[in-house]
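# sharing a sequence plus its predicted fold:
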Amino acid sequence: MNRIEDRLRDAFGAAAGTVRPESVGVLREPSRPARIRRLAPLAAAAAVAIVIIAAAVITPLALAGGHSAPSRPAGPAATSPTAPACPSGAAAITVPDVVGMVASRATVLLMAAGLQVSIVEQAGNAVSPGTVIAQTPAAGMRTPARATIVIAVAAATGSSPGPAPGAGS
Amino acid sequence: MLTGSSAEPASDLVAGLFRAHAVGLVRTALLLLGDQASAEDVVQDVFARLQRSPERLHAADNPVPYLRMAVINGCRSVHRSRRRARLLRVPHEPPVWSAEAAVLAGEDRRAVLSAVARLTGRQREVLVLRYYAGLADSEIATALQVSRGTVSSTISRALAALARDLREEL
């Protein structure tokens, strides 16, 4: 057990050391509290409902052998958490363009805009790991406040990629 | 010293606590969550709530246990929403030890941190408090509001799980 304990102390110490004091920044203004990266319970419930409805709509189309049925059934489901329908009266936010940014900077930017962030890892090809490859909804779209933006981030080599978020189009 | 009768305005008090403790708290949250961005969000959230309700500190002579517990609760909340995200099949990135590990020297540390990430939340918390924060079992018990017996057995199980996991990787 002593060996494990030493390894723990060493690994924890090294990982903690990656947090440089300069990078922690300053206390944020109380009028704009930080949004913890999470799906709001309402958006989560809406996402479940939309997934069920989308599956119910797409399945009969696929079974009918319709070539016109969308070939990426995961598309609507993947983008549903971003609440595409802007309810009337809700404050609308224009989605900033974060493609190409380092993921941490993109996250800060999106949260400062009043949005929430969900990250999907994806094989990055020539893109350096940690860079945003795609976002949904796309930049310029209008979404309600606290909507979730899904960003695809280039994975480090060797890690398994997540499914494509079906950005825009 | 922390009551409103002092001349120091509450906002300066909170800012001062931030300057003194934020880095340590972000480091603790990093070990519990796996990525610095999430860790910073949790800590900023704790201090934002403190700025809105500074009376939360009034009972304590030493604010550190309160801050530490608030950060631990924030991290638990992040884990709950990550689990919800997985249930909804909206993939959330796993603890980003692989990315951070590019900065860390050695396979060994990466293996240890990956194994820690696979433990339960409570097991990870007691290990971080003992082997990073250096708290005694009695202090951990107070911090997490559980009995000393619970702390001891949780640590034993966590270490045993790690020993199994890491030996298998070799």
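Sure, I can see it.

# mind listing what the spatially most central residue of chain B touches?
Closest residue to the average C-alpha location of chain B: residue B:29 at 3.7 Å, with Cα atoms, centre = their mean. By Cβ atoms under 8 Å, 6 or more residues apart in numbering or on different chains, the contact list for residue B:29 reads B:38, B:39, B:40, B:42, B:43, B:71, B:74, B:75. In this view, the C-beta of every residue, glycine as well, is placed from N, C-alpha and C.

# mind checking which of those residues are buried?
Neighbour-count burial (16 or more other Cβ atoms under 10 Å in any protein chain shown) is assigned, among these, to B:38, B:39, B:40, B:42, B:43, B:71, B:74, B:75.

# end-to-end on stretch A:7-25?
This stretch, stretch A:7-25, spans 30 Å end to end (Cα to Cα, to the nearest Å).

# for it, buried residues please.
Those would be A:7, A:8, A:11, A:12, A:14, A:15, A:16, A:19, A:24, for stretch A:7-25 by 16+ other Cβ under 10 Å.

# element containing the fifth one, please.
Assigning secondary structure by DSSP states H and E places residue A:14 in helix A:2-17.

# following that helix, which helix or strand comes up?
Taking DSSP H and E, what comes next after helix A:2-17 is helix A:21-24.

# what helices or strands is that following helix leaning on?
helix B:10-33, helix B:36-52 (3 or more Cβ pairs under 8 Å, 6 or more residues apart in numbering or on different chains; DSSP states H and E).

# list the contacts for the closest residue to the residue nearest to the centre of chain B other than its chain neighbours?
Once flanking residues are discounted, residue B:29 sits nearest to residue B:39: 3.6 Å by Cβ to Cβ, 6 or more residues apart in numbering or on different chains. Applying Cβ under 8 Å, 6+ apart to residue B:39 gives the contacts A:19, B:26, B:27, B:28, B:29, B:30, B:32, B:33, B:75.

# 7 Å instead, please
Contact partners of residue B:39, counting by Cβ atoms under 7 Å, 6 or more residues apart in numbering or on different chains, are B:26, B:29, B:30, B:33.

# retrieve the pLDDT associated with the second one.
Reported pLDDT at residue B:29 in the predicted model: 96.

# now residue A:105. Nearest residue, chain neighbours left out?
Residue nearest to residue A:105 in three dimensions, not counting chain neighbours: residue A:98, with 7.9 Å by Cβ to Cβ, 6+ apart.

# the closest residue to residue A:129 other than its chain neighbours: which element?
Nearest residue to residue A:129, sequence neighbours excluded (Cβ to Cβ, 6+ apart): residue A:156, at 4.3 Å. Assigned by DSSP H and E, residue A:156 belongs to neither a helix nor a strand.

# can you count the residues close to residue A:156?
Residue A:156 sits with 16 neighbouring residues when counted by other Cβ atoms under 10 Å in any protein chain shown.

# that one and residue A:126, how far apart?
14 Å (Cβ to Cβ, to the nearest Å).

# quick revisit: next, the residue nearest to residue A:105: phi, psi?
phi -120, psi 0 (degrees, to the nearest 10).

# who's in contact with it?
Residue A:98 touches A:106, A:109, A:110, A:132, A:135, A:151, counting by Cβ under 7 Å, 6+ apart.

# give me the buried positions along the helix or strand harbouring the third one.
The reference is to residue A:110. If you go by DSSP H and E, residue A:110 is part of helix A:103-112. Residues A:103, A:106, A:107, A:108, A:109, A:110, A:111 are the ones in helix A:103-112 that count as buried (16+ other Cβ under 10 Å).

# now the residues you listed in TSV, with distance to residue B:83 and pLDDT?
Output for the buried residues of helix A:103-112, formatted as TSV (distance: Cβ to Cβ, whole Å; pLDDT from 0 to 100):
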residue	distance to residue B:83	pLDDT
A:103	21	85
A:106	24	86
A:107	20	85
A:108	24	79
A:109	26	84
A:110	22	86
A:111	21	82
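
# so which of these is the closest to chain B?
Comparing those against chain B with Cβ to the nearest Cβ places residue A:107 closest, at 5.3 Å.

# wait, what's in contact with the closest one?
Residue A:107 neighbours (Cβ under 7 Å, 6+ apart): A:117, B:37.

# and what of the one 3 residues further on?
Shown in contact with residue A:110 (Cβ under 7 Å, 6+ apart): A:96, A:98, A:117, A:149.

# mind running it again at 6 Å?
Contacts for residue A:110 (Cβ atoms under 6 Å, 6 or more residues apart in numbering or on different chains) come out as A:117, A:149.

# tell me the secondary structure for residue A:150?
Under DSSP: H, G, I helix; E, B strand; the rest coil, residue A:150 falls in the strand class.

# list the beta-bridge partners for it.
residue A:118, residue A:136 (DSSP bridges).

# coming back round to it: so which of the buried ones among the contacts of residue B:29 would you say is closest to residue A:2?
Among the buried ones among the contacts of residue B:29, residue B:75 lies closest to residue A:2 (Cβ to Cβ), at 27.8 Å.

# so where's the chain shaky on pLDDT?
Assuming you mean chain A. A:1, A:29-91, A:124-125, A:157-169 (pLDDT under 70).

# think we crossed wires, I meant chain B
B:1-8, B:10-11, B:59-61, B:89-105, B:168-170.
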